[in-house]
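Engineer: Got a sequence here, can you build the structure:
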Amino acid sequence: MAESAIVDFIEEYQAGVLIAVGTLTGGLLVLVAAGQIVDTLESMAALGVFVAGAVVTFLSLSYLLYGR
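Structural biologist: Below you'll find the model as predicted:
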């Protein structure tokens, strides 16, 4: 009984880490791609692009993992 609780905890932890790391990676990838398209991004625009990419990545990963 306790072993199944530990396994469930590890599975949830791994899913959470995947979402956290994936969100940061997705935001950075969108930022790099936008930097390739536009030569100069101002700091506020770059922050907005990063946040938008991170939000879209978070929603996508959450939907794929949890179906919500």
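Engineer: switch to C-alpha atoms for all contacts and neighbour counts from now on
Structural biologist: Will do.
Engineer: Now do the contacts for the residue positioned nearest the centre of the chain.
Structural biologist: Residue closest to the mean C-alpha point of the chain, counted by Cα atoms, centre = their mean, is residue 23 at 1.1 Å. Taking Cα atoms under 8 Å, 6 or more residues apart in numbering, we find residue 23 in contact with 53, 54, 55, 57, 58.
Engineer: Out of the residues you listed, which sit inside strands?
Structural biologist: Judged by DSSP state E, strands contain none of these.
Engineer: So what touches stretch 42-57?
Structural biologist: So stretch 42-57 is in contact with 22, 23, 24, 25, 26, 27, 28, 29, 30, 31, 34, going by Cα under 8 Å, 6+ apart.
Engineer: at 7 Å instead, please
Structural biologist: Stretch 42-57 has contacts (Cα atoms under 7 Å, 6 or more residues apart in numbering) with 23, 24, 26, 27, 28, 30, 31.
Engineer: Which of the contacts of residue 23 has the largest number of neighbours?
Structural biologist: residue 54 (23 neighbours; other Cα atoms under 10 Å).
Engineer: Please, which helix or strand holds the spatially closest residue to it that is not a sequence neighbour?
Structural biologist: Using Cα to Cα, 6 or more residues apart in numbering and skipping the chain neighbours, the partner closest in space to residue 54 is residue 27 (4.1 Å). Residue 27 is part of helix 2-37 when elements are defined by DSSP states H and E.
Engineer: Repeat that for residue 60.
Structural biologist: For residue 60, the enclosing helix or strand under DSSP H and E is helix 43-66.
Engineer: what comes up buried for that helix?
Structural biologist: For helix 43-66, burial by neighbour count (16 or more other Cα atoms under 10 Å) applies to 46, 49-55, 57-58, 60-62.
Engineer: As a markdown table, those with pLDDT and distance to residue 6 would be great.
Structural biologist: As requested, the buried residues of helix 43-66 are arranged in a markdown table below (pLDDT from 0 to 100; distance: Cα to Cα, whole Å):
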| residue | pLDDT | distance to residue 6 |
| --- | --- | --- |
| 46 | 88 | 41 |
| 49 | 91 | 38 |
| 50 | 92 | 35 |
| 51 | 93 | 34 |
| 52 | 94 | 35 |
| 53 | 93 | 33 |
| 54 | 94 | 30 |
| 55 | 94 | 30 |
| 57 | 93 | 28 |
| 58 | 93 | 26 |
| 60 | 92 | 27 |
| 61 | 90 | 23 |
| 62 | 89 | 22 |
